[in-house]
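*Asks:* the following comprises the amino acid sequence and a computationally predicted model.
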Amino acid sequence: MSPITTWIFPGQGSQAVGMGSEALAASPAARAVLAEAEAALGEKIGALIANGPADALERTEQAQPAILIISIALLEAARERAAARGETLEVPNFAAGHSAGQYAAAVAAGALSIGDAVKLARIRGDLMQTSGGGRPGAMAAILGLPESEESRIVAEGAARGVLVLANRNSPGQIVLSGEVAAIEHAVAAAAAAGAKRAVRLQVSIASHSPLMEEAAAGMRAALESVTVHDPKITMLANANAAPIRTAAELRRELSDHLTTGVDWIAAIGATAAAGTERYVEIGYGRVLSGLVKRIPSAAGAEIVSIDDLPLTAAVVS
């Protein structure tokens, strides 16, 4: 009997020049994903992924589709490898994406085609860069404070402008988002409270905050132009880990999560409560694997990365 499994998909920040190069070299299925995505975008984003430069790949409108492409390419390479053994890759019980990772989760769940998903990811990145209505945004990472102190700092900073808890990544690791003055006050307050790390991130947008309302409205319109199916795998909402089982619920998630937070602790808690025994990170690197290991509800579960799995032995001519 297969273990209860949750697939997890990383978002922006996990990108790196050369990511997925082994899969793309060895797997026709992985290359087919890239080809379909490039046809949808009308550009050779594979060259940027393979060769950089890094500063171009890190741009929101490039990083988000690139991460999506590599996540699904790695998944298809794993499926191809299983088929070469006469087996079928196990179907997970849950799929959860971290922020932009929800698009890869939606593709894996059969709710979006790779072509539509990569176009939406590009639109999402463009909209996020321009959203905010002239109110400069910022984000900050705070590590090593108890939850009570985190709440106090958010409340104090919010008195100086828009400030919200954007990400609850693991106990003692949060990301704040909002207007510049509020973020700067929160960083100083966190440092004074004894945070192990309190630093403003090198971004000029306020993801997962009310400053993204224009982007959310744009995504609602963009999502109406594509076909969205009911997910074949139960997905989890970023803000509250609510199950996503219908196309209508997924449309709301992919727009509303731009202005609400990512509670990764709650997402892992919900899957753990449902009996998850194995978490598989579907994407480049081990960013989410590291977070899951620090979430108490997942204690005892197997946590693996698809990067660790052997690729198909297909010969590339």
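*Replies:* Nice, I can see it.

*Asks:* okay, CA-based contacts and neighbour counts for the rest of this
*Replies:* Noted.

*Asks:* quick one: the strands in the stretch 201-317 of the chain, in order.
*Replies:* In the stretch 201-317 of the chain, the strands defined using DSSP state E, counting those that start in this stretch lie at 234-236, 243-244, 262-263, 278-281, 302-305.

*Asks:* mind putting the ones you listed in JSON lines, mean neighbour count, distance to Glu76 and mean pLDDT included?
*Replies:* Formatted as JSON lines, the strands of the stretch 201-317 of the chain follow (neighbours: other C-alpha atoms under 10 Å; distance: least, C-alpha to C-alpha, whole Å; pLDDT from 0 to 100):
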{"stretch": "strand 234-236", "mean neighbour count": "25", "distance to Glu76": "19", "mean pLDDT": "98"}
{"stretch": "strand 243-244", "mean neighbour count": "20", "distance to Glu76": "23", "mean pLDDT": "98"}
{"stretch": "strand 262-263", "mean neighbour count": "24", "distance to Glu76": "27", "mean pLDDT": "98"}
{"stretch": "strand 278-281", "mean neighbour count": "24", "distance to Glu76": "14", "mean pLDDT": "97"}
{"stretch": "strand 302-305", "mean neighbour count": "18", "distance to Glu76": "14", "mean pLDDT": "94"}
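
*Asks:* redo those as JSON lines? Include distance to Glu147.
*Replies:* Converted to JSON lines, the strands of the stretch 201-317 of the chain look like this (distance: least, C-alpha to C-alpha, whole Å):
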{"stretch": "strand 234-236", "distance to Glu147": "23"}
{"stretch": "strand 243-244", "distance to Glu147": "25"}
{"stretch": "strand 262-263", "distance to Glu147": "13"}
{"stretch": "strand 278-281", "distance to Glu147": "25"}
{"stretch": "strand 302-305", "distance to Glu147": "25"}
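
*Asks:* among the ones you listed, which comes closest to Ala192?
*Replies:* Judged by C-alpha to C-alpha, the one of these that comes nearest to Ala192 is strand 262-263, at 25.2 Å.

*Asks:* give the pairing partners of the closest one; include direction for each.
*Replies:* Sheet pairing for strand 262-263, assigned by DSSP bridges, gives strand 163-170 (parallel).

*Asks:* which helix or strand contains the nearest residue to His185 once chain neighbours are set aside?
*Replies:* The shortest distance from His185 to any non-neighbouring residue, by C-alpha to C-alpha, 6 or more residues apart in numbering, is to Gly157 (5.9 Å). Secondary structure assignment for Gly157, by DSSP states H and E: helix 147-158.

*Asks:* output that helix as PDB, nothing but the C-alphas.
*Replies:* Output of helix 147-158 as PDB, limited to C-alpha atoms (Å, rounded to 0.1, in the frame of the first residue of the first chain):
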ATOM      1  CA  GLU A 147       5.000  34.100  17.800                       C
ATOM      2  CA  SER A 148       3.900  36.700  20.400                       C
ATOM      3  CA  GLU A 149       6.800  39.000  19.400                       C
ATOM      4  CA  GLU A 150       6.000  38.500  15.700                       C
ATOM      5  CA  SER A 151       2.400  39.600  16.300                       C
ATOM      6  CA  ARG A 152       3.500  42.700  18.300                       C
ATOM      7  CA  ILE A 153       6.000  43.800  15.700                       C
ATOM      8  CA  VAL A 154       3.400  43.500  12.900                       C
ATOM      9  CA  ALA A 155       0.800  45.500  14.900                       C
ATOM     10  CA  GLU A 156       3.300  48.300  15.700                       C
ATOM     11  CA  GLY A 157       4.500  48.500  12.100                       C
ATOM     12  CA  ALA A 158       1.000  48.600  10.800                       C
END
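
*Asks:* quick check: angle from it to strand 163-170?
*Replies:* Put simply, helix 147-158 runs at 150 degrees to strand 163-170, going by axes from the mean of the first three to the mean of the last three C-alpha atoms, to 10 degrees.

*Asks:* elements contacting helix 147-158?
*Replies:* Secondary-structure packing of helix 147-158 (3 or more C-alpha pairs under 8 Å, 6 or more residues apart in numbering; DSSP states H and E): strand 163-170, helix 180-192.

*Asks:* buried residues in the last one?
*Replies:* Residues Val180, Ala181, Ala182, Ile183, Glu184, His185, Ala186, Val187, Ala189, Ala190, Ala191 are the ones in helix 180-192 that count as buried (16 or more other C-alpha atoms under 10 Å).

*Asks:* the residue lying closest to the last one once chain neighbours are set aside bridge partners, please.
*Replies:* Pointing back at Ala191 there. Leaving out its chain neighbours, the residue that sits closest to Ala191 by C-alpha to C-alpha, 6+ apart is Ala198, at 5.8 Å. Beta-bridge pairing for Ala198 (DSSP bridges): Ile142.
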